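**Student:** quick one: sequence and predicted model below, then my questions.
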Amino acid sequence: KPRIKRIDKVGNTAEIPHARTLQDFKSQRWIANRLFRLMGRGAFFWENPEETLGMGIFRGSSFFDLKDTAARIKSLEEFPKENIRTGKRLENLARREEDAGHNETACDYYFRASLFYVAAAWGIFDSEDKELIWLTEKIQSTFDKVIKYNWYPMEKVEIPFEGNFIPGILSLTPNRKRVPTIIFVPGMDLHKENGINYMNNPYVLRGMNCLAIDGPGQGESLVRKIWVDEENYGRAGKAAIDYLVKRPEVDPEKIGIQGVSMGTYWGPLIALHDPRVKALATYMSNEYTKDHILNETSPNFRLRFMWMAGNLTDEQFDKMAAKMTLEGRESQIKCPHIIFHGEFDHLTSTEEVFRYFNRLASEIKEFRIYENQYHGVYRFIDEITSMSADWLRDRLNGVPPKQKRRIVLVDWNKKEHPIDEEKIANGFSYLVPEEP
């Protein structure tokens, strides 16, 4: 059925039914283009451009690659082209170093190239789009070289799932001993290739394996037309655990989950489907209603998710989205759980996350609120990445926390402050207890 398939090349929409999402997208497109010219892709998100740049560097890109590419992009139409241009340049440099026998340098270039190919694919919402298929092949071919040359063992894996296969990247410790394993659950527009800095893998560095997946509605799975619905990501996670426990390198009693953004919904959903999940860490909150992301933000998020769900109509999609919440099921989550949350997250408020936290049946749980931060909590991504990996390792290895139930407010100097919980529950703006 006719629909918008790319946000960079909308084309003639006269034949597309004038549904709500189309109306929003068309009427706001001029605003999006002007904001994009000023702020780059960060215009669609919540953090300022400098924080978005910092996140890109932390995940493995070069400052200069990001700045130079952004400087060439003045409209949505230029976004795929200029990211491909940078990806090709980095891929050519990788081949040069590979030919010279400098495999470590080649690995880094190949990884950086793959990140730009992932970025180029961001605004294409059509599983049959020839450029998306080509980009998916480029992502795979460059990342294959990362797997080949990286300093620790890595494998591409295929996880049987309901008549198809979920693709994943399995990172193993160098000695391949039986150790704890983390399932990395990316957000709705992340891929298994770009959610982790594989050059500095925080889980392998701490003696753990890591399986990153493109679950239903994500990355490579979209080219395979594995659509997402309100519940099937939980079943996909269970299938991933079924695969992992058969691996000799995986301790089946020590499996944890790291969920990011929409992964803060999907990660706990896996825990609901499978009690073999023994620890859970999440950041960029999305646990409850999806009304915020699908109806209150840039319409490109709604447009993307309608594609991820199998090109649903507005009416079909709204019925599905209404079921996408953990509310009412929190008491079924019993494993240790840590939550990293931006104080002013537009997608799930602090009051909502506090309610979720309180209702968890987890005996060990921690809620960290980052002051004056938004959905991405980008300014603190270094702390969140290292602390969540440390926390997961400790819980999986049975190390007891100093405090079983903990809530803190973290200021810009990373200093922790106690929270007045009654103020959170009542929607107060200033959460620190009054000075005596």
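**Tutor:** That came in fine, so what should we check first?
**Student:** low-confidence bits of this structure, can you list those?
**Tutor:** 1-2, 11-14, 16-19, 43, 46-47, 433-436 (pLDDT under 70).
**Student:** if you set the cut-off to 80 instead, what comes out?
**Tutor:** Where the chain drops to pLDDT under 80, the residues are 1-4, 6-50, 431-436.
**Student:** right, and the helix or strand after the longest strand anywhere in it?
**Tutor:** Longest strand in the chain by number of residues (criterion: DSSP state E): strand 250-260. Counting by DSSP states H and E, the element after strand 250-260 in chain order, helix or strand, is helix 263-273.
**Student:** let me see the domain layout of the chain.
**Tutor:** Domain assignment for the chain by automatic domain parsing gives 28-150, 151-436.
**Student:** hmm, residue 222 is touching residue 311, no?
**Tutor:** No - here residue 222 does not reach residue 311: they are 11.0 Å apart, not a contact under C-beta atoms under 8 Å. Bear in mind the C-beta positions are built from the backbone N, C-alpha and C, glycine included.
**Student:** tell me which of these two has more neighbours.
**Tutor:** A direct count of neighbours by other C-beta atoms under 10 Å for residue 222 and residue 311 places residue 222 higher, at 24 against 17.
**Student:** which helix or strand contains the more buried one?
**Tutor:** In the assignment (DSSP H and E), residue 222 maps to helix 219-223.
**Student:** counting contacts, what elements does that helix pack onto?
**Tutor:** helix 130-149, strand 164-171 (3 or more C-beta pairs under 8 Å, 6 or more residues apart in numbering; DSSP states H and E).
**Student:** so which of those gets nearest residue 280?
**Tutor:** strand 164-171 (18.6 Å; C-beta to C-beta).
**Student:** return the distance of the closest residue to residue 329 other than its chain neighbours relative to residue 416.
**Tutor:** Nearest residue to residue 329 in three dimensions, chain neighbours excluded: residue 272, at 6.1 Å (C-beta to C-beta, 6 or more residues apart in numbering). Here the criterion is C-beta to C-beta, to the nearest Å. By it, residue 272 lies 30 Å from residue 416.
**Student:** so for those two, which residue has more residues nearby?
**Tutor:** The residue with more neighbours, out of residue 272 and residue 416, is residue 272; 18 against 11, by other C-beta under 10 Å.
**Student:** so how far is residue 234 from the more buried one?
**Tutor:** 6 Å.
**Student:** again, but for residue 40
**Tutor:** 35 Å.
**Student:** do the same with residue 74
**Tutor:** For residue 74, the distance to residue 234 equals 42 Å [C-beta to C-beta].
**Student:** comparing the two, which residue is more hemmed in?
**Tutor:** In terms of neighbours (other C-beta under 10 Å), residue 234 is the more surrounded of residue 74 and residue 234; the figures are 21 against 15.
**Student:** surely the more buried one and residue 266 touch.
**Tutor:** Yes - Residue 234 is within contact range of residue 266, at 7.4 Å (criterion: C-beta under 8 Å).
**Student:** give the contact list for the residue nearest to residue 251 when sequence neighbours are not counted.
**Tutor:** Nearest residue to residue 251 in three dimensions, chain neighbours excluded: residue 178, at 5.1 Å (C-beta to C-beta, 6+ apart). Going by C-beta atoms under 8 Å, 6 or more residues apart in numbering, residue 178 touches 248, 249, 250, 251.
**Student:** can you select the buried ones among these for me in PyMOL?
**Tutor:** The PyMOL selection below is limited to those of the contacts of residue 178 classed as buried (16 or more other C-beta atoms under 10 Å):
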select buried, resi 249+250+251
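**Student:** residue 330: what's it in contact with?
**Tutor:** Residue 330 neighbours (C-beta under 8 Å, 6+ apart): 356, 359, 360, 361.
**Student:** at 10 Å what do you get?
**Tutor:** Counting by C-beta atoms under 10 Å, 6 or more residues apart in numbering, residue 330 makes contact with 268, 272, 287-288, 337, 355-362.
**Student:** now do the strands in the stretch 151-300 of the chain.
**Tutor:** 154-161, 164-171, 179-185, 209-213, 250-260, 277-283 (DSSP state E, counting those that start in this stretch).
**Student:** helices of the stretch 301-436 of the chain, residue ranges please.
**Tutor:** Counting by DSSP state H, counting those that start in this stretch, the stretch 301-436 of the chain has helices at residues 314-321, 350-359, 381-396, 421-425.
**Student:** tell me which of those helices sits nearest to residue 67.
**Tutor:** helix 381-396 (18.4 Å).
**Student:** now the angle between strand 179-185 and the closest one, please.
**Tutor:** 130 degrees (axes from the mean of the first three to the mean of the last three C-alpha atoms, to 10 degrees).
**Student:** can I get helix 381-396 in PDB, CA atoms only?
**Tutor:** What follows is helix 381-396, C-alpha atoms only, in PDB (Å, rounded to 0.1, in the frame of the first residue of the first chain):
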ATOM      1  CA  ILE A 381      27.500   7.900  28.900                       C
ATOM      2  CA  ASP A 382      31.000   7.100  30.200                       C
ATOM      3  CA  GLU A 383      29.700   6.500  33.700                       C
ATOM      4  CA  ILE A 384      26.600   4.700  32.600                       C
ATOM      5  CA  THR A 385      28.500   2.300  30.300                       C
ATOM      6  CA  SER A 386      31.100   1.400  32.900                       C
ATOM      7  CA  MET A 387      28.900   1.400  35.900                       C
ATOM      8  CA  SER A 388      26.200  -0.800  34.300                       C
ATOM      9  CA  ALA A 389      28.800  -3.300  33.200                       C
ATOM     10  CA  ASP A 390      30.400  -3.400  36.700                       C
ATOM     11  CA  TRP A 391      26.900  -3.700  38.300                       C
ATOM     12  CA  LEU A 392      25.900  -6.500  36.000                       C
ATOM     13  CA  ARG A 393      29.100  -8.400  36.600                       C
ATOM     14  CA  ASP A 394      28.800  -8.000  40.400                       C
ATOM     15  CA  ARG A 395      25.200  -9.200  40.500                       C
ATOM     16  CA  LEU A 396      25.900 -12.100  38.200                       C
END
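**Student:** thought residue 119 was touching residue 52, still the case?
**Tutor:** No - using C-beta atoms under 10 Å, residue 52 is not in contact with residue 119, being 11.7 Å away.
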